[in-house]
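>>> With the input below, show me the fold.
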Amino acid sequence: MISWMSRKQDLVALSSVKAKYVVACKIGKDVVWLSKLLTNLFERALDPTVINCDNQSCIKMSRDLVFHARMKHINNKFHYIKNLVQNGIVKLQYVSTDNQVVDILTKSLPNKKFEYLKSMLGLVDIVDFVDNDKNLEEIC
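Have a look, this model is predicted:
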C-alpha cells in the first residue's frame with residue numbers, strides 16, 4: 001500500500017538525520033492509523049510495516065534505546081518512531097538513494113533513471129499493449 005503526500009515540513013531541521021527522523025515519525029503515525037483500519041476491516045493482525053529510509057543514522061537512532069547528546073535537540077514527540085520500532089509495528093529498512101522509488105513522484109529525473117524507477121514500480125506504457133491496427137481512442 002502506498003500513502004503519499006507532499007508538503008513543506010512544519011519545522012526547520014538542523015540536520016538531514018533530524019529531517020528523516022521527523023518524517024519517519026509522521027509516517028509511523030500514518031502506519032498506525034492504516035494498520036488499525038485494515039485490522040478492523042479484515043479482522044487479522046498485520047505483519048510489521050516496512051518503511052524505506054535512505055539515512056542509516058536515522059535507522060540507528062530509531063533502534064537505539066539510549067538518548068545521546070546529539071539527540072537532545074529533537075522534540076520528544078518525534079521519538080514516537082522508537083516506540084513503534086521497539087513494539088514491532090514498523091521496521092525501518094535501508095534503501096540506497098539510487099533505489100528510492102518515491103523519487104519518481106517527487107523529483108525531476110533524467111530519462112534513464114525515470115525508466116528504471118518506473119520498472120521498479122511495475123508501470124508500463126499503455127502504448128506497449130496497443131495493437132498497431134487499433135486506434136488508441138477505441139481502447140480508452
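
>>> Show me which positions of the host helix or strand of residue 115 end up buried.
Secondary-structure assignment from DSSP states H and E places residue 115 in helix 111-121. Buried residues in helix 111-121, counted by 16 or more other C-beta atoms under 10 Å: residue 117. Just so you know, the C-beta spots here come from the backbone N, C-alpha and C atoms, and that holds for glycine as well.

>>> so what does that helix touch, helix or strand wise?
The contact analysis (3 or more C-beta pairs under 8 Å, 6 or more residues apart in numbering; DSSP states H and E) places helix 111-121 against helix 103-106.

>>> Give the rounded mean pLDDT of the helix it packs on.
Taken as a whole, helix 103-106 has an average pLDDT of 84.

>>> now that helix: how far from the chain's centre is it?
With C-alpha atoms, centre = their mean, to the nearest Å as the basis, helix 103-106 stands 11 Å off its chain's centre.

>>> For that helix, name the packing helices and strands.
When contacts are defined as 3+ C-beta pairs under 8 Å, 6+ apart, helix 103-106 packs onto helix 111-121.

>>> Using PDB, write out every CA atom in the helix it packs on.
The C-alpha atoms that make up helix 111-121 are tabulated as PDB, following Å, rounded to 0.1, in the frame of the first residue of the first chain:
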ATOM      1  CA  ASN A 111      15.000   9.700 -18.600                       C
ATOM      2  CA  LYS A 112      17.200   6.700 -17.800                       C
ATOM      3  CA  LYS A 113      16.500   6.900 -14.000                       C
ATOM      4  CA  PHE A 114      12.800   7.600 -14.600                       C
ATOM      5  CA  GLU A 115      12.600   4.500 -16.700                       C
ATOM      6  CA  TYR A 116      14.500   2.400 -14.100                       C
ATOM      7  CA  LEU A 117      12.200   3.600 -11.200                       C
ATOM      8  CA  LYS A 118       9.100   3.100 -13.400                       C
ATOM      9  CA  SER A 119      10.100  -0.500 -14.000                       C
ATOM     10  CA  MET A 120      10.700  -1.000 -10.200                       C
ATOM     11  CA  LEU A 121       7.100   0.200  -9.700                       C
END
